[in-house]
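K.L.:
Give me a model of this one.
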Amino acid sequence: MTSLKGLTSLALQARSWPFEQARALLARVVKLRLATPDAREAANALIAQGDVQAALTQFPDLGRRPVLFETGYGPSGLPILAHSARWPGPPWCGPPFAP
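P.N.:
This next block holds a predicted model:
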């Protein structure tokens, strides 16, 4: 098994889309869960140093609730049937390809 310890600094410097989105999400969580600008600045400094565990210990509000991701597919995870029934396109797309 590969050890992932110490990769935080690489993730904070990466410029690919998933890492950019993860940093934006982390900034939003810090902004919404910490009330004062000083607390936000201190938490961001700890996270930037790669010490996420210290940030969670010092600011328990950061990890108190899970972050909920919504996909739009509903509780089953499957697309809504009304949406999937319309995927072929408008009716005028059919006649040119009809036999």
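K.L.:
Show me what the top helix by length along the chain is packed up against.
P.N.:
Longest helix in the chain, counting residues (DSSP state H): helix 17-33. Judged by 3 or more C-beta pairs under 8 Å, 6 or more residues apart in numbering; DSSP states H and E, helix 17-33 is in contact with helix 8-13, helix 37-48. All C-beta atoms are positioned from the backbone trio N, CA, C, and that covers glycine.
K.L.:
Could you export the shortest one as CSV, CA atoms only?
P.N.:
In this case it means helix 8-13. What follows is helix 8-13, C-alpha atoms only, in CSV (Å, rounded to 0.1, in the frame of the first residue of the first chain):
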residue,chain,number,x,y,z
THR,A,8,-0.8,17.9,1.1
SER,A,9,1.8,20.4,-0.1
LEU,A,10,1.7,18.9,-3.6
ALA,A,11,-2.1,19.0,-3.7
LEU,A,12,-2.0,22.7,-2.6
GLN,A,13,0.3,23.5,-5.5
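K.L.:
Can you give the contact residues for it?
P.N.:
The contact list for helix 8-13 (C-beta atoms under 8 Å, 6 or more residues apart in numbering) reads 19, 22-23, 47-48, 50, 52.
K.L.:
follow-up on the earlier one: any buried residues in the longest helix of the chain, and which?
P.N.:
The neighbour-count check on helix 17-33 (16 or more other C-beta atoms under 10 Å) flags 26, 29-30, 33 as buried.
K.L.:
Show me what the mean pLDDT comes to for that helix.
P.N.:
Regarding helix 17-33, the rounded mean pLDDT is 90.
K.L.:
how many degrees apart are that helix and helix 37-48 in direction?
P.N.:
Here helix 17-33 runs at an angle of 150 degrees relative to helix 37-48 (axes from the mean of the first three to the mean of the last three C-alpha atoms, to 10 degrees).
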